[in-house]
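[1] Sequence first, then the predicted structure:
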Amino acid sequence: QVQLVESGGGLVQAGGSLRLSCAASGRTFSNYAMGWFRQAPGKERAIVATINWSGSNTYVADSVKGRFTISRDNAKNTVYLQMNNLEPEDTAVYYCAACNGVVRLSLIGCNYWGQGTQVTVSS
């Protein structure tokens, strides 16, 4: 089992920044590819960013490219999502997931999910 806890969400004005954290406990964190997803009201959950087990390969969705960065610290069992130049369209609940594999923006076998953290961007 892997337990994931997100933090760092909140209310921010457009153009502002937030850094989300996802702290993992349980099984060896470095065994897993990680991803950040988001779900806005009335919309389906969408992939935002992925990172492989070592952190050497990262991908972000086109909608956030140039603004969001994913990273991980395996010594701290934590994955991060740095979000800059936030837009009202980024308002959503953000989730992290631990997955068995990743191919660019596609995650495979995401069996562990956090509870989500709300990000609200005001215009």
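    Cool, got the structure.

[2] Wait, Cys99 touches Asn31, no?
    No: contact criterion Cβ atoms under 8 Å: Cys99 and Asn31 do not qualify, at 10.3 Å. Heads up, the C-betas are built off the backbone N, CA and C, glycines and all.

[3] quick one: which of these two has more around it?
    Cys99 (19 against 11; other Cβ atoms under 10 Å).

[4] where does the more buried one land on pLDDT?
    For Cys99, the pLDDT comes out at 97.

[5] can you check Thr69 too?
    98.

[6] how long is stretch 48-66 end to end?
    End-to-end distance for stretch 48-66: 12 Å, by Cα to Cα, to the nearest Å.

[7] Next: stretch 30-42.
    Distance between the two ends of stretch 30-42: 34 Å, counting by Cα to Cα.

[8] Could I get the buried residue list for that stretch?
    For stretch 30-42, burial by neighbour count (16 or more other Cβ atoms under 10 Å) applies to Tyr32, Ala33, Met34, Gly35, Trp36, Phe37, Arg38.

[9] now do stretch 45-62
    Residues of stretch 45-62 classed as buried: Ile47, Val48, Ala49, Thr50, Ile51, Asn52, Trp53, Thr58, Tyr59, Val60, Ala61 (neighbour count, 16+ other Cβ under 10 Å).

[10] Now go through the residues you listed and say which are in strands.
    Residues of the buried residues of stretch 45-62 located in strands (DSSP state E): Ile47, Val48, Ala49, Thr50, Ile51, Thr58, Tyr59, Val60.
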